[in-house]
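**Q** structure for the following, please:
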Amino acid sequence: MVPYRGTSVSYGASSTVYNYSESTLAVSHRLGLMPEWHFGDVLTLRSRFFLTQELTQSDSTTYRSEVELSDLWLDAVWGGFRERVTGIRIGADLRFTLPTSKFSQFSSRIMTVGPGANVSKTFKVLGGLTLVYSARFTGRFHRFTTRQNLGPAISNAGCGGTVTTTDLIDATACRTNTGVTNIIFDVIHGPTVVFNPHARLNIAASLFMQRGWVPALSATELVPAVPMQTRDFIGFSLGVTYQPWDVVGFTLGAFTFANQLDSEGKTIFPLFNRNTVASLDATFDLEAVVSSITKEKK
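**A** Numbering: from 1, shown residues only. Below you'll find the predicted structure:
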């Protein structure tokens, strides 16, 4: 029970399942660093950070094969409380996110703070079946209310000039190209099911819903009859992990995250759609690596 237990390093590849052009796929690989430090069973400090490089032609990087940084997650996790009669466990954590990714910098983000809570119960089915429901409120701090870019302003009737009611579409296009409004806070929640049919096999599935709130439009902007102050997203993840050795495990997964509605106002099927990304990762457990080296020396 060393204090750094749970610390791991992962490497894997991922690919879009369905591409917008219907002809090419986006393929990338990434290196993940996931340190943990435990203060007994009460408090755990953990972090997450990834380096990603797209192997195909990217639509978001400055140059080909550019290495992109993720945001840096810093979590303080409470060990939780288990009720004796029902066996229900209550846990909580506090997450800080530092804007090290290009997207967060594009959004002029300073940092985010997100307290979270979860309720879970484990049943004795084979290796264990755990049902979890979690929720998180996240406050986002930005320098500006809209995303920023280094390009020039688009010159049309809806950008910087006199705007009339007939320019609504042009004004919307202008706002989309020169700065989409940032979400200032959001709530994300949903269920997770974790099943262990075998000691070395783990299956986990999560469905989560997110609602974000954006700042109100200023008096100088063209406000539609029914202003949209919220944005709704939905996501789904499915992962199968096999641990052939204590040192390394392999995870085959699929992750989907998208708007709840498409451009025509129709509901998007949340489990699998054009935003789905499939991945295969190898995760190395630092505690197991150190333990195996120590045993060999002895």
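
**Q** for the rest of this, base every contact and every neighbour count on C-alpha atoms.
**A** Noted.

**Q** for the stretch 101-250 of the chain, which segments count as helices?
**A** In the stretch 101-250 of the chain, the segments counted as helices under DSSP state H, counting those that start in this stretch are 102-106, 168-178.

**Q** lowest average pLDDT across those helices?
**A** Mean pLDDT values for those show the minimum at helix 168-178, a mean of 39.

**Q** could you give the bridge partners of the most centrally placed residue in the chain?
**A** Residue closest to the average C-alpha location in the chain (Cα atoms, centre = their mean): Phe257, at 8.6 Å. Beta-bridge partners recorded for Phe257 (DSSP bridges): Gly235.

**Q** hmm, Phe233 and it touching each other?
**A** Yes - counting by Cα atoms under 8 Å, Phe233 is a contact partner of Phe257 at 7.2 Å.

**Q** list the buried residues of stretch 239-255.
**A** Counting neighbours by 16 or more other Cα atoms under 10 Å, one finds that the buried residues in stretch 239-255 are 239-243, 247-255.

**Q** pick out the most distant pair among the residues you listed.
**A** Val247 and Phe255 (25.0 Å; Cα to Cα).

**Q** low-scoring stretches of this protein, by residue?
**A** 18-24, 149-179, 217-228, 296-298 (pLDDT under 70).

**Q** where exactly do the strands run in it?
**A** For the chain, the strands defined by DSSP state E cover 8-16, 27-34, 36-39, 43-54, 67-69, 72-82, 89-98, 109-123, 129-142, 185-198, 201-213, 230-242, 248-259, 277-285.

**Q** thinking again about what came up before, of all the buried residues of stretch 239-255, which comes closest to Ser108?
**A** Phe255 (26.3 Å).

**Q** tell me the contacts of that closest one?
**A** Gly235, Phe236, Ser237, Leu238, Thr276, Val277, Ala278 (Cα atoms under 8 Å, 6 or more residues apart in numbering).

**Q** distance between stretch 263-283 and the chain's centre?
**A** 13 Å (Cα atoms, centre = their mean, to the nearest Å).
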